[in-house]
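K.L.:
Mind looking at a prediction? Sequence and model below.
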Amino acid sequence: MAEGPLAGFRILDLTQVVSGPFATQTLGDLGADIIKVEPPAGDLTRSVGVPRKKGVAAGFLVFNRNKRSIVIDLKQSRGVDLVKMLAARCDAIIENNRPGVADRLGIGYADIRKVNPKIVYCAIHGFGAKGPRADAPAFDPVIQGHSGMAALQGSGGKPVAVRMALADKISGMTAALSIVAALHAARNRGVGQYVRVPMLDAMMAFAANDTMIGYAFVPEDEFKNQVPNSLSIEPFRTKDGYVAISPFTDAQWQRLTAGVGHPEWWQIPGRRERIRTCLKGFAELFPQQETAHWLKILKESDCPGGPVHSYETLFSDPEVVANESFTTYEHPEAGPVRTPRPGWRFSETPARISRRPPLLGEHTEEILREANIARETIEELRADKVII
Amino acid sequence: MADGPLAGFRILDLTQAVSGPFCTMLLGDLGADVIKVEAPTGDTTRLITRPGKNGVGAYYLMFNRNKRGIVIDLRQEQGRDLVRRLAGKCDAMIENNRPGVADRLGVGYADVRKINPKIVYCAIHGFAPDGEMADAPAYDPVIQGFTGMAAIQGGPGGKPTAVKTVLADKISGLTAAIGIVAALHAARSRGVGQYLRVPMVEAMLNFVANDTMVGYAFIPEDEYKHQTPKNGSLDPFRTKDGYVSIAPYTDDQWQRLLAGVGHPEWWDVPDRRERLRTCLRGIAQLFPERESAHWLKVIEEADCPGGPVHTYETLFSDPEIVANENFTIWEHPQAGAVRTVNPGMRFSETPAKFRRRPPALGEHTEEVLREAGIPLEQLAELRADKVIN
């Protein structure tokens, strides 16, 4: 069986930029048929940002594989009708406009449920529905700041952002999970519904667990200063780069300290002091030899650890090569493009890249024909610039 | 309808630490019945006792709500029988042992599918199956280093720096949850049972290598890799008494914000890139002159994306958080009041919510085994033999 686990589900995607497109790319990786509705100017990421090759923006490609593209002008009422007609044929619909916009356009949940009461309608918004900022605009840095993530990443009181669109992408994955789950309720119990995924809520639900242990017990005064300084161990400098090490069990610590020739570091009384001694020892010892030397010792000690890659070295790593963790596809305009393989290895229903990111409006006609719109009507709509 | 969207699905959870437990907590939040099998000594995170209150560690609590807990000793054959028997009654099963361990214990996919061919069997492992490191142990820092995340956070020419949360573990958990729920569709609609491997490395790459990889998307990359924006996300701006975030994106948002802060002329710089640089530099110099509250008001009036920068000291009393009830406080029998964050999904009909506090070790052993049809006398025997407790 070569189809993904979500084969047979059709998703109407009205989103742009990162959060929504990452959600639908995830669903597309899993085999759902994603119909991406774009305005005549295209998803914003088609026209904004670098790098670009022959006019094609990498920022669009990285979030839009496994989708078909249809261009519909939602400022025209016939465009709105087309979206509703498509929604009637879909299992789910997702949008990430500012709250209120979809309703004003006539494609909010109230409008769509009339044509398809069993649909799962997902909206990714910045904030929850009940607070003073319910309708406020929000992009990634706003959510990283509001949720506490920037403060966690910073040190000495200076907040620092995680250097990627973390909040956008977490919201996208959370939305994907909520849609796939809600589709079970739709299939088993006939329940259609509205799912709001506030980015702030999604980010906190993801971040506020290991990072919040000092604030778990209420009142927290006694506990908040018991949180370890670093929740993840930093890479260690070597003579020619860095390595990661992560011993956890006593056996792993013992084998590693023996491997590096300092079993005595694990003899110190008091586990906490012992670990501190080891970490300090590694930091002094590792810069004396090359990374390859330490990687060999880590392997022989059977201790969790490994190389610290940048994109300069990652693609040629033997693991990455052996597992084909990246794929290259051919873009008609930009030539070969690199993309990571989906993060799931299903034995029976493979998640895979079955479509390169679409050109703007590449599938307009195909999709409308599938929806039984007559060829003459399509031509009329095109002439009136309702579709492209 | 008060049940979650996954009500009616039963998941057998053999995982510990973070990646697996985060996955099954999400499934539990969504209404699945999660049966967490623990060794007699319990999940390893039960041993993390700082911070702890009355003998209860906080760490375990954060990843184990909405589950029932059962203790089974897998070193005994009778224990393995029990797990296989439970697997026969579940829709999905998940483990995050080192590759090979589940097979050696007799609870690998080959064993379980014999009893339940339609089961979705998910394994979270460190690495993908085809390389030399396929069976290597891996924890979060190893994966953050391997996948380039630490290098990205360190910045060009900087020292690799970890993201200060167990990002790789949690991304793997979230990825596994999506994979399981998707595979359950294939199981329900097409009768397909299967093995799903989620390599942490690949789950992380799939999450990280998109916006961070735009410089390496086109091949060959030489011409493009230096065009990657330096900052994947804007750092907060210092004010007189703290920090605020701003994130104008469209030209309109920029212009309204600049007018709001009294410097519309910053937008007159001809080249767009130079213009943005001027604006960001100007704001960095201007914001330390006034308090956060002042700038938040300006940002709001300008209808520009932006907001407060919280620590956990200030987050819980933020008006958004209070109005939306993002955190729940529940009562633990030993540790008293405990705070937990609510699920990030708001379903109109099938709520994802806090239903059960994290279980005490073996709290539901008897209940779960009785449901599985094991008679009381046999339970007493198993208990006497320390197969269960």
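P.N.:
Happy to help now that I have it. Numbers count the residues shown, from 1 in each chain, chains lettered A, B, ... in the order given.

K.L.:
State the next helix or strand along the chain beyond the helix or strand containing A:D168.
P.N.:
In this assignment (DSSP states H and E), A:D168 forms part of helix A:166-189. Helices and strands here follow DSSP H and E; after helix A:166-189, the next one along the chain is strand A:193-198.

K.L.:
hey, C-alpha coordinates of the helix or strand following that next one in PDB?
P.N.:
Sequence order places helix A:199-207 as the next helix or strand after strand A:193-198, per DSSP H and E. As requested, the backbone C-alpha atoms of helix A:199-207 are provided in PDB (Å, rounded to 0.1, in the frame of the first residue of the first chain):
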ATOM      1  CA  MET A 199      -0.700  30.500  18.800                       C
ATOM      2  CA  LEU A 200      -0.100  31.700  22.300                       C
ATOM      3  CA  ASP A 201      -1.900  28.700  23.700                       C
ATOM      4  CA  ALA A 202      -0.100  26.300  21.400                       C
ATOM      5  CA  MET A 203       3.300  27.700  22.300                       C
ATOM      6  CA  MET A 204       2.600  27.600  26.000                       C
ATOM      7  CA  ALA A 205       1.200  24.100  25.800                       C
ATOM      8  CA  PHE A 206       4.500  23.100  24.200                       C
ATOM      9  CA  ALA A 207       6.900  25.100  26.300                       C
END
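
K.L.:
Which elements pack onto helix A:199-207?
P.N.:
Counting contacts by 3 or more Cβ pairs under 8 Å, 6 or more residues apart in numbering or on different chains; DSSP states H and E, helix A:199-207 is packed against helix A:140-146, helix A:149-153, helix A:166-189. Backbone N, C-alpha and C define where each C-beta goes, glycine included.

K.L.:
Give me whichever of these is most buried.
P.N.:
Among the helices and strands packed on helix A:199-207, ranked by average contacts under mean count of other Cβ atoms under 10 Å in any protein chain shown, first place goes to helix A:140-146 (a mean of 30).

K.L.:
and that helix, does that touch chain B?
P.N.:
Yes - contact of helix A:140-146 with chain B (Cβ under 8 Å from any Cβ of the partner chain) involves A:D140, A:P141, A:V142, A:Q144, A:G145, A:H146.

K.L.:
need the contact list for B:A150.
P.N.:
Counting by Cβ atoms under 8 Å, 6 or more residues apart in numbering or on different chains, B:A150 makes contact with A:E234, A:P235, A:Y242, A:A244, A:V308, B:P141, B:Q144, B:P160, B:T161, B:A162, B:V163.

K.L.:
Among these, which ones are in strands?
P.N.:
Residues of those located in strands (DSSP state E): A:Y242, A:A244.

K.L.:
Select, from the contacts of B:A150, the two members most distant in space.
P.N.:
Comparing all pairs in those by Cβ to Cβ, the longest separation belongs to A:Y242 and B:V163, at 15.3 Å.

K.L.:
roughly how far apart are the spatially most central residue of chain A and A:V48?
P.N.:
Taking Cα atoms, centre = their mean, the centroid of chain A lies closest to A:K169, which sits 3.5 Å from it. Distance of A:K169 to A:V48, given as Cβ to Cβ, to the nearest Å: 18 Å.

K.L.:
Close to chain A: what parts of the stretch 1-150 of chain B are there?
P.N.:
Neighbours of chain A within the stretch 1-150 of chain B, by Cβ under 8 Å from any Cβ: B:1, B:4-9, B:18, B:22, B:26, B:30, B:50-51, B:53, B:58-59, B:61-63, B:126-133, B:136-142, B:144-148, B:150.
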